[in-house]
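Colleague: got a predicted model here, sequence first, then my questions.
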Amino acid sequence: MRKILLGTTAVVGLAVAAPAAFAQSSLIGQGGATAAGSPPVATSGLSVRLGGFFDFSYGVVTDDADKGGGFTGTRAAGAQSRQTTDMRTEAEINLYVDGRAANGLQYGAVFELQMDGMTTTAGSGTGVDYDELYGFVKGSFGELRFGQLDSAASLMQVMAPSTLWMGRSSGWDEFVVSPGYINGGVNDGNDSTKIVYLSPQFNGVDFGVSYSPNRTEGEQVNIATSTTAYHRDNTGLTNEISAALRYRGTVGGIGVQASLVAQFAEAAKQSATGAAIAAPDQNMTVYSAGLVLSGLLPGLSIGGDYTWGNYRTIVGTGTVAPGVDGSSSIGLGAVYTTGALSIGANYAVGTQSNGGTVDDRTQVYMGAGLAYIIAPGMTFFANYNVISDENVPTAAPTRTGATLTTYGSGDYKRDIQVALAGVRVGF
């Protein structure tokens, strides 16, 4: 599942849409590996190219969940706090396979291999899996993608600008026990196997739609951890449809990016045992609108986004019980770029109903960061993030209300501060 790396979303999106233009070194053709920087080797009319990145980051963390008491029932009273510093690495190796038929049709496949958040009980503690894996055909009609990838709404939504690894759902939450961030944009559809259509641009306007029968990934018939549950058992979100409308252009000398996106899915209909759910959750609906303006002052981009609908936890991943209100979040951001240096700040606040007479959950994010291009392909980044999370439920709320999580201080508020710095090497 792709993180919301706001500072690099545009670049990554273009790289996927036009792999040939972004590949800087070729891989393997019929005759084997070629020298770096040489033209790609054609194999049966196809070229194979390589891209990707490597990230290293160092973090300093202060988190109420790390203290004695911690989350309700998970850390003993009086327990020592967790370590406050940590380091992490993340990487992707992306293979782009593309070709062009005699009639001009472009076609190919994209393989995004990631090392991100995987754990093992032995060995190095790292592993590799596929983030995204899909084929495509494109031409004057637009582009059709099919496989394991993001939803159209996630691919095309416009969100508040940010710098590399700084944002409401970005580098900071890799260093903490997940707070279930509720301030992100529309979820990526779990990178489940789906069909996506992306239109050509018409006077700066384009649109996209996608469909996925369920939220599972890959080719397995059974859910990996179960010998009885199947993808088609209606135990999770099903028939997920997303749509997006976007504008990118210039109005009166001002750069404008704007989008309106939506995502819909049916709630689970049966339990893991196959029994029908007597009172199923509401079907999931998510809407999001975003606007970014560039050029009001030289080097300055400002903007924001508003997301709302019937969903819980990470936007577009959980459903809402009958009688419980939906959720909303708003994000604002600004980035100033001069030469190789970008400086930015973000603010976001999200609310989700806890049902009954219990106060809503409210999560506030504030962050500031910078990114500096040290050399072609190498970027230094640093940021400071402050998160306040009040009234976190211990389970999905019902119409009669929720039980709230307590922390070491005995209240229902979790405060987090994360400072991190690191370097990315992109190729």
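Modeller: Done, it's in. From a predicted model like this one, the values you see are computed outputs, not experimental measurements.
Colleague: mind listing the helices for the stretch 1-150 of the chain?
Modeller: 9-17, 19-22 (DSSP state H, counting those that start in this stretch).
Colleague: check the stretch 151-300 of the chain too.
Modeller: Remark: helices assigned in the stretch 151-300 of the chain by DSSP H, counting those that start in this stretch are 152-156.
Colleague: where along it do the strands fall?
Modeller: Along the stretch 151-300 of the chain, the stretches classed as strands by DSSP state E, counting those that start in this stretch are 193-198, 205-214, 238-251, 254-266, 284-294, 300-310.
Colleague: tabulate those in JSON lines, adding columns for mean neighbour count, mean pLDDT and distance to residue 343.
Modeller: All C-beta spots, glycine's among them, are computed from the backbone N, C-alpha and C. Formatted as JSON lines, the strands of the stretch 151-300 of the chain follow (neighbours: other C-beta atoms under 10 Å; pLDDT from 0 to 100; distance: least, C-beta to C-beta, whole Å):
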{"stretch": "strand 193-198", "mean neighbour count": "21", "mean pLDDT": "96", "distance to residue 343": "32"}
{"stretch": "strand 205-214", "mean neighbour count": "19", "mean pLDDT": "96", "distance to residue 343": "30"}
{"stretch": "strand 238-251", "mean neighbour count": "18", "mean pLDDT": "96", "distance to residue 343": "24"}
{"stretch": "strand 254-266", "mean neighbour count": "20", "mean pLDDT": "96", "distance to residue 343": "18"}
{"stretch": "strand 284-294", "mean neighbour count": "20", "mean pLDDT": "96", "distance to residue 343": "15"}
{"stretch": "strand 300-310", "mean neighbour count": "20", "mean pLDDT": "96", "distance to residue 343": "10"}
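Colleague: out of those strands, which is closest to residue 80?
Modeller: strand 300-310 (38.6 Å; C-beta to C-beta).
Colleague: tell me which residues are up against the closest one.
Modeller: 157-161, 185-186, 255, 257, 282-294, 296, 315, 319-320, 326-337 (C-beta atoms under 8 Å, 6 or more residues apart in numbering).
Colleague: grab the longest strand from this protein for me.
Modeller: strand 46-63 (DSSP state E).
Colleague: what residues of it count as buried?
Modeller: Residues of strand 46-63 classed as buried: 46-55, 57, 59, 61, 63 (neighbour count, 16 or more other C-beta atoms under 10 Å).
Colleague: ok, now stretch 373-387?
Modeller: In stretch 373-387, counting by 16+ other C-beta under 10 Å, buried: 379, 380, 381, 382, 383, 384, 385, 386, 387.
Colleague: stretch 131-145 now?
Modeller: 131, 132, 133, 134, 136, 138, 143, 145.
Colleague: out of those, which is nearest to residue 216?
Modeller: The closest of the buried residues of stretch 131-145, once distances to residue 216 are taken by C-beta to C-beta, is residue 133, at 13.6 Å.
Colleague: my read: the closest one touches residue 146, true?
Modeller: No: with contacts counted by C-beta atoms under 8 Å, residue 133 stays clear of residue 146, the gap being 10.5 Å.
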